[in-house]
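Asks: okay, here's the prediction I keep looking at, along with the sequence it came from:
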Amino acid sequence: MKSYTITVNGKVYDVTVEENGGGSAPAVPASSLATPAAAPAPAPAPASSAAGSISLTAKAAGKVVDIVTSAGSSVKKGDTVVILEIMKMETPVVAEADGTIASIAVSKGQSVAAGDLLLTMN
């Protein structure tokens, strides 16, 4: 068995693949194939010392136009930290509290869905 971490549309999945001893997989009649199950929920991101206790997420789907801050920067409540383009309008994402940026989870030009993590702060 081999374990892999894959990213699909920005979502991280941990998968385990069983190795087949032979060169090719045995033929399986289509009538015996089960209907595929729904995709598993994304695995939570591993906790690291860089992760902050406050998470800022996208409120709507859009595209990252600019990242106004950087990891380690101090911010005040209300400061713009990321600018998203949502429905052709630039929408600032602001710090919800005073703190320090712990990690940035997106990059400029990246598309995000509603609820995607943008950054963490302490």
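Replies: Looks like it arrived, so ask away. Residues are numbered from 1 along each chain as shown.
Asks: which residue ranges of this protein form strands?
Replies: For the chain, the strands identified by DSSP state E occupy 2-8, 11-17, 54-57, 62-67, 74-75, 80-86, 89-94, 99-104, 111-112, 117-121, in order along the chain.
Asks: pick the most buried one from these.
Replies: strand 117-121 (a mean of 21; mean count of other Cβ atoms under 10 Å). Yep, even glycine has a C-beta here, placed from its N, CA and C like the rest.
Asks: what's that strand packed up against?
Replies: strand 54-57, strand 80-86, strand 99-104 (3 or more Cβ pairs under 8 Å, 6 or more residues apart in numbering; DSSP states H and E).
Asks: skipping its backbone neighbours, what lies nearest Ile104 in space?
Replies: Leu119 (4.7 Å; Cβ to Cβ, 6 or more residues apart in numbering).
Asks: identify the bridge partners of that neighbour.
Replies: Beta-bridge pairing of Leu119, defined through DSSP bridges, involves Leu56, Ile104.
Asks: these two touch, right, it and Val75?
Replies: No: proximity of Leu119 to Val75 does not meet the contact threshold set by Cβ atoms under 8 Å, at 9.9 Å.
Asks: overlap of the contact sets of the two?
Replies: Between them, Leu119 and Val75 share the neighbouring residues 69, 81, 101, with contact defined by Cβ atoms under 8 Å, 6 or more residues apart in numbering.
Asks: show the pLDDT at the closest residue to Ala113 other than its chain neighbours.
Replies: Among residues not flanking Ala113 along the chain, Ala61 sits closest, at 5.0 Å (Cβ to Cβ, 6+ apart). Confidence at Ala61, expressed as pLDDT, is 94.
Asks: dump the residue contacts of Ala61.
Replies: Applying Cβ under 8 Å, 6+ apart, we find Ala61 in contact with 86, 111-114.
Asks: out of the shared contacts of Leu119 and Val75, who's nearest Ile54?
Replies: Top of the list for closeness to Ile54, among these and by Cβ to Cβ, is Ile101 at 9.9 Å.
Asks: what's the separation between the closest one and Ser53?
Replies: Between Ile101 and Ser53 the distance, using Cβ to Cβ, to the nearest Å, works out to 12 Å.
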